[in-house]
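> Got a predicted structure here, sequence first:
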Amino acid sequence: MELDVPWTDHYGRTHKTMVGRPVSMHAMRGISAHANGFQTCRAVHLLQILLGTIDAPGGFRYKAPYPRPIPPAIKPTGKSGQVFPNEPLPGPPLGFVTSPDDLLIDEKGTPQRIDKAYSWDAPLAAHGMMHMVITNAAKKDPYGIDVLFMYMANMSWNSAMNVPDTIKYLTMKDETTGDYVIPKIIYSDAYASEMVHYADLILPDTTYLERWDCISLLDRPISEADGPADSIRQPVVAPDRDVRPFQTVLLDLGARLGLPGMTTAEGKPRYPGGYEDYIVNHERAPGIGPLAGYRGVDGTLSGKGAPNPDQLKRYIKNGCHFFHELAPEQKYFKHVNKIYLDFATGFGLIEAPNAIIHQLYCEPLQKFKLAAEGHGAVQPPETHRKRLIEAFDPIPNWYPPFEGKMIDETKFPMHAVTQRPMAMYHAWGSQNQWLRQILGRNWLYIAHQRAASLGIKDGDWVTLTSHHGQIRAQAKLMNGVNPDTVWTWNAIGKRSGTWGLENNAPESKQGFLLNHLISELLPEREGGYRFSNSDPVTGQAAWYDLRVRLEKAADVNGLSAPQFPDLKPVRAAQ
Amino acid sequence: MTMLPETTEKKLGLVIDLDTCVGCQACATSCKEWNAQGYSAPLEDEDPRGKDPHGPWLNRIHGYEVLDEVREDSRIVHFPRSCLHCETPACVIVCPTGASYKRAEDGIVLVNPDTCIGCKLCSWACPYGAREYDVKEGIMRKCTLCVDRIYNENFAEEDRIPACVRACPTSARHYGDLGDPNSDVSKLVKERGGFDLLPEMGYKPTNKYLPPRKRRDQAEEGREALPKSDRSMVDRLFALADSLLSGKAGPH
């Protein structure tokens, strides 16, 4: 396969055609949700590299802002000595570590972040470890906290591993002082989710229809393989209740706290017009802002350019998006395509037009492995050495998922996984009165063959038991599932009294979550330490490592289990 | 009894591809969204936050697991179901007030909400279950083919199609004139072997369904033999590497 398009590589050599390799791979994020997920992803990418399918015609193609330098030059901030009370963090909280020297640990090796990201537990945790925050705060490991502030993360329910203990932690009191162990919780959401009920201060958010947003090249844009693209949302209805857009509230809070990025030299709010003001006027670097289109005072520049006060109007006029189509000679081999790299530098996607070389042998991983083997100044504690040596192989490897390895697989012989129902991708809220008519409760899907061997018929109640907990659910039998795996729809189960639903709603009475079965901590290892149930390289939560035992159960008043006490509907604050 | 037009100038309808429909329900929610706010009356739901939420829908998607017993294999087929705008619809003939009617100009079957008395004879007559009774309004509801979109000159050209077709992310829904043998939809039906639902009932549905394609491992066409070794140095090197890495004896 060949495109009749000449192109120039990073050495300046001109090639008469673009030679393709029609091998595409489709892998969704479930692959990474295992304790060996990072190395599996690396193996898939290594295969793509060896097959020559990276950004080749017919193969996997980059979408802007990618390709980016490997690794990007940003390091996380937050070492001891960098963080002080009542002072802003002097750099970005997330970044890309390349050696043990970059870890956010103190001289004893203690994690500095509450989620233990960038510690020896998860050195390359470039997304943070949201699933560990509440547990760590409650156990004061590595330390206790004053305030827990969260946005649209349903951490007392379907976003949490181990829901029953998470609920306990959110309301746990110190036995000697009688104070809450997590003293203050601030939470922002558009809906009365399960998490709202645990907040001391609720910041009611708007819906997407009531505010400005940008889907930015600085984050996760709408890009196309044929060129960079980004987009906006504009408010189409005015809020009819006392709510404010969360981003605007954040800017307001930042200005009140005097954060330097959000205030002027005189200490006034830098973005008094709220988030829409920020979208247009914030510059991450000179000329580079949240939106790449219609920049410059007259709106004629793309990528880099001074803020344009009419930028949002120009986006609306263009159907709320911006797309820059690359020239044919820029569309492939972008990581080593000179004309593309020059363009990307001018556009502000990369800092310099250097070739981006894929690594078969991953030097940063090897640095951590060597540290675990006893080399270098910064070395892991004894408890961590073995697992680091196993996981930080510079060539992609495979090792058994931890949950499977640390428990008796004969007692828990099956896997249990979830997927999000497609209908819920059209709206945030599965409690929506139309969506809940389509799917108002979930079932546990079991292969006919396995069900027959366990005496389970369609519609029977079953228990599912993990090393951590047990649930009761109603079975549906099917053929299109591996007999060693059961599955269900994610986040359909709701807690009674939430989401504006009545207490007898099927979401709470028959619906259920697998989250109750998944522990956020692995069983104790040598030395008594309990590691997070995560990938040891990236800290990605290992949701899909869950092992279970399936048994037939009695019908208990047609109810799923566990059932939690009804929550009282949230009332507007006076 | 309500009379049918002898012929219609056009046969506007849908072609629904059962091969590419993934059951995402975007067509159903878009249909509900559009039709809850425009033509006729809102499609109101009962018990919307309680134990048994239900209401009228003009389009529903059912998912089936189809078992191939010979192959001991199964596939999921999603089946979107709405009014088929039949050429000789029984639902119109049985209407005692003339509220249900078939338009002579384009073949769309509609209900006039002002003259519908909610007797439900039409929903008994329709073998496709395409009509749903609106308890709150006391009238019958059905797909209008978005008659208030397709001729709406306030809309951009690309939006003058039914809401369900506009919303479908996999382009599994197609809209056009099935009375014109040269229309895109007619060509698609011919090319893909489109079929009628329950043709034996004799109502001559306008809407057509495209069957799921054969699975790739069952299809004869497009199957290519693996390339044979040309015994070149490179080829032998790869064969050696393959045999070493896979732990199997190589072919050479």
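Structure received.
> Quick check: residue B:18 touching residue B:213?
No. The criterion here is Cβ atoms under 8 Å, and residue B:18 misses it with residue B:213 at 9.3 Å. The way it works is simple: take the backbone N, C-alpha and C, and place the C-beta from them, glycine included.
> For the two, indicate the residue with more neighbours.
residue B:18 (16 against 13; other Cβ atoms under 10 Å in any protein chain shown).
> does residue A:316 count as helix, strand or coil?
helix (DSSP: H, G, I helix; E, B strand; the rest coil).
> quick one: it from residue A:509, how far?
45 Å (Cβ to Cβ, to the nearest Å).
> For the residue of the stretch 151-252 of chain B found nearest chain A, which non-adjacent residue is spatially closest?
Proximity of the stretch 151-252 of chain B to chain A (Cβ to the nearest Cβ) peaks at residue B:167, 8.5 Å away. Counting by Cβ to Cβ, 6 or more residues apart in numbering or on different chains, residue B:30 is the residue found nearest to residue B:167 once chain neighbours are left out, at 3.6 Å.
> next one: phi and psi at that neighbour?
With angles defined as degrees, to the nearest 10, residue B:30 sits at phi -70, psi -40.
> cool, and the one 3 residues further on?
Note on residue B:33: its backbone torsions stand at phi -60, psi -50 [degrees, to the nearest 10].
> Per-residue confidence at the residue nearest to it when sequence neighbours are not counted, what does it come out as?
Nearest non-adjacent residue to residue B:33, counting by Cβ to Cβ, 6+ apart: residue B:163, 7.0 Å away. At residue B:163, the pLDDT value in this model is 97.
> buried sites along stretch A:490-499?
A:490-499 (16 or more other Cβ atoms under 10 Å in any protein chain shown).
> which residue sits closest to residue A:16, ignoring its sequence neighbours?
residue A:6 is the one closest to residue A:16 (Cβ to Cβ, 6+ apart), at 5.4 Å.
> give me every residue that touches that neighbour.
A:14-17, A:329 (Cβ atoms under 8 Å, 6 or more residues apart in numbering or on different chains).
> that older thread, how many neighbouring residues does the residue nearest to residue B:167 have?
20.
> Check the one 4 residues further on too.
By the criterion of other Cβ under 10 Å, residue B:34 has 21 neighbours.
> got the residues of the stretch 451-574 of chain A near chain B?
A:478-480, A:500-502, A:504-506 (Cβ under 8 Å from any Cβ of the partner chain).
> what's near enough to touch the closest residue to residue A:301 other than its chain neighbours?
Once flanking residues are discounted, residue A:301 sits nearest to residue A:295: 4.4 Å by Cβ to Cβ, 6+ apart. By Cβ under 8 Å, 6+ apart, residue A:295 lies in contact with A:287, A:289, A:301-308, A:311.
> What does residue A:295 show for phi and psi?
phi -90, psi 180.
> Show me where the stretch 201-350 of chain A has its helices.
Applying DSSP state H, counting those that start in this stretch to the stretch 201-350 of chain A gives helices spanning A:246-256, A:275-281, A:311-317, A:338-347.
> Could you check how far residue B:114 is from residue B:99?
Relative to residue B:99, and taking Cβ to Cβ, residue B:114 is found at 8 Å.
> more neighbours, the two?
Set residue B:114 next to residue B:99 and count neighbours by other Cβ under 10 Å: residue B:99 wins out with 21 against 9.
> Quick check: the more buried one vs residue A:262, distance?
Using Cβ to Cβ, residue B:99 is found at 61 Å from residue A:262.
> Could you list the domains of chain A?
Using automatic domain parsing, the domain parsing of chain A gives A:68-121+A:361-394, A:402-553.
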